[in-house]
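Engineer: Sequence below, structure please.
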Amino acid sequence: MDAHRTTSTTSKTADAPPHGDGAYWTYFGMGHSIKLMDRPGVFRVSPAGLSLGALLVRCLGQDDMSKRFLELGTGSGVLALLLRDMGATNLTATDISQPSIRLACENEMLNFGNHRIHFASGNLFDALDGARPAEPFERIVFNPPGWRAPSALLVSQLASMNGRHSLDLSAMFGGDSVVLRFLLEMPKYLAPGGRAIIGLNSMMGIQDVLARYRASVPGECPLRFRLLERHCFPLLFYSDAWQAARPWLMAEFQSWKDECKSAFSQDGDGTIHWSYEIVECTMAGNPRE
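Structural biologist: Prediction:
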């Protein structure tokens, strides 16, 4: 499994609702609704994705709409479509999954009747040819996979299910490595005074990832982080396959927590409650706009 994969922005955990036929609506506030096609292999919008979209509606003003936006791991395209609905005109959205990009294009046509967003397929910034863009982005939005890289034992256990997984494992696992790579590469693509808004799952081990990032950069850390808001969600296993794997997954999660790399609580029924933390990243020394 490629631990560096990015995947559908609005999914990332097994708490995403199951797939169905047809289309469904998402709502983010201030009248912003997006209709999305529901297709196998592309996650539906999760509560975390809805929360991130609602924050964009609440925190981005009209002045932001003239900025150059990049959304990584767009999945169904919902956040890029939301930004277009809010008035953004310079939008690029990427995902490593080509089926996701095709669906995002369909969803743009479904909602707007034309194509204005530049959708591209690639791993993180690779979709931008890996080079410094002529015009760096002033706003970057990213909702990475929520869980840490799985242990060899868990990979073996899940493999024994003979393909009964309903979704690619990399859609949910490997978030720690993905976020670390994102933080290391992002300064090359972020314009002076720009900011990135990322949604982090506490089960990923946020403190551990930030410590690894700071240890990876020489001298003063170039990025500054600020928690914008935090939500708490129950971890639900919707599909039969993930229910069947629940004992293995719970043991894996507990091992992450025992190693102080993952944070969550459990109620009396054993249900995990995890923290979804929306964080702003800016370059050190750059004044905020």
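Engineer: what ranges of the protein fall below the confidence cut-off?
Structural biologist: Scanning the chain for pLDDT under 70 picks out 1-21, 129-134, 162-170, 286-289.
Engineer: One more pass at 50, please.
Structural biologist: 1-20, 131, 287-288 (pLDDT under 50).
Engineer: So which residues of it form strands?
Structural biologist: 23-27, 33-37, 68-72, 90-95, 118-121, 137-142, 190-201, 223-234, 264-266, 272-283 (DSSP state E).
Engineer: With distance to residue 62 as added columns, please give the ones you listed in a markdown table.
Structural biologist: For glycine as for every other residue, the C-beta is placed from the backbone atoms N, C-alpha and C. Putting the strands of the chain into a markdown table (distance: least, C-beta to C-beta, whole Å) gives the following:
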| stretch | distance to residue 62 |
| --- | --- |
| strand 23-27 | 21 |
| strand 33-37 | 20 |
| strand 68-72 | 14 |
| strand 90-95 | 14 |
| strand 118-121 | 22 |
| strand 137-142 | 13 |
| strand 190-201 | 17 |
| strand 223-234 | 19 |
| strand 264-266 | 38 |
| strand 272-283 | 19 |
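Engineer: can you count the residues close to residue 272?
Structural biologist: 21 (other C-beta atoms under 10 Å).
Engineer: wait, it sits on residue 234?
Structural biologist: Yes. Using C-beta atoms under 8 Å, residue 272 makes contact with residue 234 at a distance of 7.1 Å.
Engineer: give me the beta-bridge partners of the residue nearest to residue 197 when sequence neighbours are not counted?
Structural biologist: Of all residues beyond its chain neighbours, the one nearest residue 197 is residue 141 (5.3 Å), with distances taken as C-beta to C-beta, 6 or more residues apart in numbering. Beta-bridge pairing for residue 141 (DSSP bridges): residue 71, residue 197.
Engineer: Please report the distance of residue 141 from residue 196.
Structural biologist: 7 Å (C-beta to C-beta, to the nearest Å).
Engineer: so which of the strands of the chain gets nearest residue 53?
Structural biologist: Closest approach to residue 53 among the strands of the chain (C-beta to C-beta): strand 23-27, 7.3 Å.
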